[in-house]
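1. how would this look folded up:
(chains A and B)
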Amino acid sequence: MEVNFQFDWLAAFESIPHLLPGIPWTLLISFGGLAIGFFIGIFFGLLRISPLRWLRWPAIFYVEVFRGTPILVQVLFIFYGLPQILGGPINALVAGIAAIAVNSGAYISEIVRGSVQSIERGQGEASLSLGLSRTQAFRYVIWPQAFRRMIPPLGNQAIISIKDTSLFSVIGVGELVRQGQIYIATTFTALEVYFMVALMYLAITWTLSIVLRQLELRGLAGQ
Amino acid sequence: MNNTTQPIVRMQQLNKHFGSLHVLKHIDMQITPGEVVVVIGASGSGKSTLIRCINGLEEFQSGFLEVDSNELRPYGKSSEALQTIRTEVGMVFQQFNLFPHLSVIDNITLAPMKVRGWSRTDAVEAAKRLLERVGIADQADKYPSHLSGGQQQRVALARALAMEPRLMLFDEPTSALDPEMIGEVLDAMRELAKEGMTMVIVTHEMGFAREVADRVVFIHQGEITEEGPPEKLFDTPQHERTQSFLARVLKH
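-> Residues are numbered from 1 along each chain as shown, chains lettered A, B, ... in the order given. Prediction:
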């Protein structure tokens, strides 16, 4: 087979202004969803380590359901399925944010659980021996240490969720991939445009990685 | 010893099990205010578990335990009595267990501020006096990881003392230390004993035990095999178990 292709740099550059409007959508869905997912994660993560079985059980159920099903199916369910229950359409942006929130929430609750459980037993014992209540021991001793340990895996999850938003082109929300698809429909320059789309994701995730590394370094400085 | 004073710890027929393992067997023990009691025994004999029962870090299954007139019940989960006991009983751990995310001064002031409700100014002032007392006043703003093991353990001692405890528990306080740092921690404990603090110490430092203890308790397989003044227990142990234990540890 004869390989004969040319990468059209001009077409690549020309696509940039058409793709850029996708970035705010991608960021809004990712970080909006992650912010909510963070609180969902803390909530279920803490339930998961409760000494009471009937509190742990819903947390286990939540994690299994949303970690065990594809995020694409989750967003399709929310966008096309839920309106049948609610009786009205759901905004694609809202559906996207909700999908990231419930999905990342499941992973983040495992991150929260793991970080809290990784704190040495002696920390809690020392706190209790000083007369702190269990709540105070958690708030002043366990949680601040656990939170530092959460930063690297949370950063990892953020990067995964940012990339997951690319799947939401299927519900028509105008994020990066969707903008690329629309543009390609008129120019047929798939190679160049998807290359630029990939570069834009890389720019976002790379920036985030750098910020996270700084945070980690600062977090460790105090120990 | 003054026989008219109320014991600060009263333990009667205390039993503790870990699953099928009977770790403490029918323990009877009383501790009088001002007394320094050293608990010795082989590892796994139950000596750490014994002192951890006193501040409720371990629960027991049967028997009677009273600390400063607060009764701890078998299977005692969090109760008001336990909370009171923990504010009056300080503990120093083998692994120091300092809070790594807090500076030395914040390690010490946390409990007085949150539990006793002291102001930050008062707590810091008291903390500085304690740091001076254990000889590390210049380390107040450092983080625990920047201190040597011996310094960390002295901070841990200051942290426990900041709650102005009536009784101090020491769970192998020098076992995790490099040999050259053991002395500085024992010195601080020696000072504390001289000031009249009631202390229960689990240790392998037999020389130190002989020197500071009013009474030495030997535990073997969860039972108090023998107890008495240090000269008596170390020089003329009555029980064969005590003799063989001492022969093993004093050889080194």
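2. helices and strands around the strand or helix carrying residue A:125, which ones?
-> Here residue A:125 sits within helix A:121-129, counting by DSSP states H and E. Helix A:121-129 sits against helix A:134-137, strand B:89-92, with contacts defined as 3 or more Cβ pairs under 8 Å, 6 or more residues apart in numbering or on different chains; DSSP states H and E. All C-beta atoms are positioned from the backbone trio N, CA, C, and that covers glycine.
3. does the residue in the stretch 151-252 of chain B that chain A sits nearest to sit in a helix, a strand or a coil?
-> At 6.0 Å from chain A, residue B:163 is the closest residue in the stretch 151-252 of chain B, using Cβ to the nearest Cβ. Secondary structure state of residue B:163, per DSSP: H, G, I helix; E, B strand; the rest coil, is coil.
4. Got phi/psi on it?
-> phi -80, psi 10 (degrees, to the nearest 10).
5. Same question for the one 10 residues further on.
-> Note on residue B:173: backbone dihedrals following degrees, to the nearest 10 are phi -70, psi -20.
6. give the contact list for it.
-> By Cβ atoms under 8 Å, 6 or more residues apart in numbering or on different chains, residue B:173 lies in contact with B:92, B:93, B:94, B:153, B:157, B:185, B:189, B:201, B:203.
7. among these, which are in reach of chain A?
-> Residues of the contacts of residue B:173 in contact with chain A (Cβ under 8 Å from any Cβ of the partner chain): residue B:93.
8. returning to that earlier point: any idea which of the helices and strands packed on helix A:121-129 is most buried?
-> strand B:89-92 (a mean of 28; mean count of other Cβ atoms under 10 Å in any protein chain shown).
9. Going along the chain, name the strands of chain A.
-> Per DSSP state E, chain A has no strands. Nothing in it meets that criterion.
10. Check what pLDDT the most centrally placed residue in it gets.
-> Ranked by distance to the mean C-alpha position of chain A (Cα atoms, centre = their mean), the top residue is residue A:161 at 3.2 Å. Model confidence at residue A:161, given as pLDDT, is 97.
11. Could you list every helix and strand in contact with the lengthiest helix in chain A?
-> Ranked by residue count, the top helix of chain A under DSSP state H comes out as helix A:190-221. When contacts are defined as 3+ Cβ pairs under 8 Å, 6+ apart, helix A:190-221 sits against helix A:9-19, helix A:22-48, helix A:143-164, helix A:176-187.
12. and residue A:196, what is it in contact with?
-> Contact analysis of residue A:196 by Cβ under 8 Å, 6+ apart lists A:12, A:15, A:16, A:19, A:180.
13. The same query, at a cut-off of 6 Å, please.
-> Listed by Cβ atoms under 6 Å, 6 or more residues apart in numbering or on different chains, the contact partners of residue A:196 are A:12, A:15, A:19.
14. ok, of those, which come out buried?
-> The neighbour-count test (16 or more other Cβ atoms under 10 Å in any protein chain shown) marks A:12, A:15, A:19 as buried among these.
15. got these as a markdown table, with pLDDT and distance to residue B:74 columns?
-> Putting the buried ones among the contacts of residue A:196 into a markdown table (pLDDT from 0 to 100; distance: Cβ to Cβ, whole Å) gives the following:
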| residue | pLDDT | distance to residue B:74 |
| --- | --- | --- |
| A:12 | 94 | 76 |
| A:15 | 95 | 74 |
| A:19 | 96 | 69 |
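16. Return the closest of those residues with respect to chain B.
-> residue A:19 (43.0 Å).
17. Once you drop chain neighbours, what's closest to that closest one?
-> residue A:179 (5.1 Å; Cβ to Cβ, 6 or more residues apart in numbering or on different chains).
18. can I assume that neighbour is in contact with residue A:17?
-> No: between residue A:179 and residue A:17 no contact is recorded; they are 10.2 Å apart, counting by Cβ atoms under 6 Å.
19. Please identify the buried residues of stretch A:14-30?
-> Under 16+ other Cβ under 10 Å, the buried positions of stretch A:14-30 are A:14, A:15, A:18, A:19, A:22, A:23, A:25, A:26, A:28, A:29, A:30.
20. Take the residues you listed and lay them out in TSV including distance to residue B:120.
-> Below are those laid out as TSV (distance: Cβ to Cβ, whole Å):
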residue	distance to residue B:120
A:14	62
A:15	59
A:18	58
A:19	54
A:22	51
A:23	46
A:25	47
A:26	46
A:28	42
A:29	44
A:30	41
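21. Of the residues you listed, which is the nearest to chain B?
-> Closest to chain B out of these is residue A:30 (29.3 Å), distances taken as Cβ to the nearest Cβ.
22. and residue A:214, how far is that from residue B:224?
-> Look at residue A:214 and residue B:224: by Cβ to Cβ, to the nearest Å, they are 57 Å apart.
23. more neighbours, those two?
-> Just comparing residue A:214 and residue B:224: by other Cβ atoms under 10 Å in any protein chain shown the higher neighbour count belongs to residue B:224, 21 against 10.
24. And what about that one, helix, strand or coil?
-> Going by three-state DSSP: residue B:224 is strand.
25. burial count for residue B:211?
-> Using other Cβ under 10 Å, residue B:211 has 14 other residues around it.
26. what element comes up after the helix or strand where it lies heading to the C-terminus?
-> Applying DSSP H and E as the criterion places residue B:211 in helix B:206-212. As assigned by DSSP H and E, the chain's next helix or strand after helix B:206-212 is strand B:215-220.
27. Off-centre distance for that next one?
-> Centroid displacement of strand B:215-220 relative to its chain, using Cα atoms, centre = their mean, to the nearest Å, is 14 Å.
28. That one pairs with which strands?
-> strand B:36-40 (parallel), strand B:223-228 (antiparallel) (DSSP bridges).
29. now those in a markdown table, with mean pLDDT and distance to residue A:120?
-> Putting those into a markdown table (pLDDT from 0 to 100; distance: least, Cβ to Cβ, whole Å) gives the following:
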| stretch | mean pLDDT | distance to residue A:120 |
| --- | --- | --- |
| strand B:36-40 | 97 | 24 |
| strand B:223-228 | 96 | 31 |
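30. could you dump the ones you listed to TSV with distance to residue A:123?
-> Putting the strands paired with strand B:215-220 into TSV (distance: least, Cβ to Cβ, whole Å) gives the following:
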stretch	distance to residue A:123
strand B:36-40	25
strand B:223-228	31
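31. hey, which of the ones you listed is tucked in deepest?
-> strand B:36-40 (a mean of 26).
32. So residue B:146 versus chain A, what's the distance?
-> 9 Å (Cβ to the nearest Cβ, to the nearest Å).
33. and whatever residue of the stretch 101-250 of chain B ends up closest to chain A, helix, strand or coil?
-> Chain A sits closest to residue B:111 of the stretch 101-250 of chain B, with a gap of 3.8 Å, by Cβ to the nearest Cβ. What three-state DSSP gives for residue B:111 is helix.
34. In stretch B:45-58, which residues are buried?
-> Buried-residue list, stretch B:45-58, by 16+ other Cβ under 10 Å: B:45-58.
35. now it: mean pLDDT?
-> Average pLDDT, stretch B:45-58: 95.
36. Give the rounded mean pLDDT of stretch A:118-138.
-> On average, stretch A:118-138 scores 96.
37. same deal with stretch B:193-208?
-> The model assigns stretch B:193-208 a mean pLDDT of 96.
38. Perfect, that will be all.
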